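Participant: make a model of this:
(one chain, ligands or ions: 1)
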Amino acid sequence: MRKPIIAGNWKMNKLVAEGARFVVDIREKVPSGDEVDTVVCAPFVHLPFLTEAAREYHVQIGAQNMHYEESGAFTGEVSPQMLEDLLVDYVIIGHSERRQYYNETDETVNKKTLAAFENNLNPIVCVGETLEQRDNNETMSFVEGQVRQALDGLTEEQAKQVVIAYEPIWAIGTGRTATSEQANEVCAHIRKVVKDQFGEDVSEAVRIQYGGSVKPANIEELLGMSDIDGALVGGASLKEEDFLKLVEAGQNAR
Ligand SMILES: O=C[C@H](O)COP(=O)(O)O
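Facilitator: Now for the predicted structure:
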């Protein structure tokens, strides 16, 4: 049985005091980590306070990106070592917004995924097709390529631990959710790709999230699907009440 994982991605939102208040308000209401993994992925400036505030509670803290090198002349970047030093738990890698606006490629996604494991960070690797690719029936082959390259070179143990977030680009922030069948179909395909790459033990263990306009009204149906183990949530993760409802749905999902 795979443990559900609900991750909020605040993107470039919230001032430090607002983020701090959010985590302090929700931390006692979040259920035990035995039932559901609850993750808040915040901008870098929030991380020192949030990792402190979440310690001793069941909220885990994630970053939204990182460099793959440990240190060096990379002005404006943050290294995996720096995140590990702050006791950050998760890091989102290859979000479509990074791929679209900041030249993230399958190659850098792979380097970052490997670097995450070298620095005790759990990667949440994002994949997903554009509307044009969907309309051209290229979804499965495109997503398969992204998954294969992202996970290339991982050990079986690492591949079991990776979280894959399937986020169709046309469903992000648009209010247009993929139907639960559409989402599950691609998540099931991703599991098949992982099976082909690493074997059945790994494919049965790996957790696959859906992301794209997830909200309290649609999460139960999505989590009810055979191959969807959680959600990566943007807009609806910004309000405490909604985020807690999503976490509750995760807790009840298995
Ligand atoms: O990382 C989260 C996704 O991009 C989904 O964003 P959204 O829930 O606002 O559609």
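Participant: near the ligand, which residues of the stretch 151-254 of the chain?
Facilitator: Counting by C-beta under 6 Å from any ligand atom, the residues of the stretch 151-254 of the chain close to the ligand are 167, 172-173, 211-214, 232-236. C-betas here are computed from N, CA, C, even on glycine.
Participant: report the contact partners of the closest residue to the ligand within the stretch 101-250 of the chain.
Facilitator: The nearest approach of the stretch 101-250 of the chain to the ligand comes at residue 234, 2.5 Å away (C-beta to the nearest ligand atom). Contact partners of residue 234, counting by C-beta atoms under 8 Å, 6 or more residues apart in numbering, are 8-11, 172-173, 211.
Participant: and residue 182, by the same measure?
Facilitator: Residues in contact with residue 182 (C-beta under 8 Å, 6+ apart) are residue 168.
Participant: how far away is residue 16 from the ligand?
Facilitator: As judged by C-beta to the nearest ligand atom, to the nearest Å, residue 16 and the ligand stand 20 Å apart.
Participant: now for that residue, how many residues are close by?
Facilitator: A count of nearby residues for residue 16, using other C-beta atoms under 10 Å, gives 14.
Participant: returning to what we had before: tabulate the contacts of residue 234 (TSV), appending neighbour count.
Facilitator: TSV is the format used below for the contacts of residue 234 (neighbours: other C-beta atoms under 10 Å):
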residue	neighbour count
8	27
9	25
10	22
11	18
172	19
173	12
211	28
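Participant: just give me the closest of the residues you listed to residue 58.
Facilitator: Of all the contacts of residue 234, the one with the least separation from residue 58 (C-beta to C-beta) is residue 8, at 13.9 Å.
Participant: check residue 172 and give its pLDDT.
Facilitator: The per-residue pLDDT reported for residue 172 equals 88.
Participant: so it touches residue 211, yeah?
Facilitator: Yes: applying C-beta atoms under 8 Å as the test, residue 172 and residue 211 come out as touching, 7.1 Å apart.
Participant: mutual contacts of these two, please.
Facilitator: Between them, residue 172 and residue 211 share these contacting residues under C-beta under 8 Å, 6+ apart: 128, 234.
Participant: which of the contacts of residue 234 scores worst on pLDDT?
Facilitator: residue 173 (83).
Participant: got the contact list for the closest residue to residue 41 other than its chain neighbours?
Facilitator: Once flanking residues are discounted, residue 41 sits nearest to residue 62: 3.7 Å by C-beta to C-beta, 6 or more residues apart in numbering. Counting by C-beta under 8 Å, 6+ apart, residue 62 makes contact with 7, 39-42, 88-92, 122, 124.
Participant: let's go with 6 Å and repeat that
Facilitator: For residue 62, the contacting residues are 39, 41, 90-91, by C-beta atoms under 6 Å, 6 or more residues apart in numbering.
Participant: which pair in those residues spans the largest distance?
Facilitator: 39 and 91 (10.2 Å).
Participant: mind listing the helices for the stretch 101-250 of the chain?
Facilitator: 106-118, 131-135, 139-151, 156-161, 180-198, 200-205, 216-223, 240-252 (DSSP state H, counting those that start in this stretch).
Participant: worst average pLDDT in these?
Facilitator: Among the helices of the stretch 101-250 of the chain, helix 131-135 has the lowest mean pLDDT, at a mean of 93.
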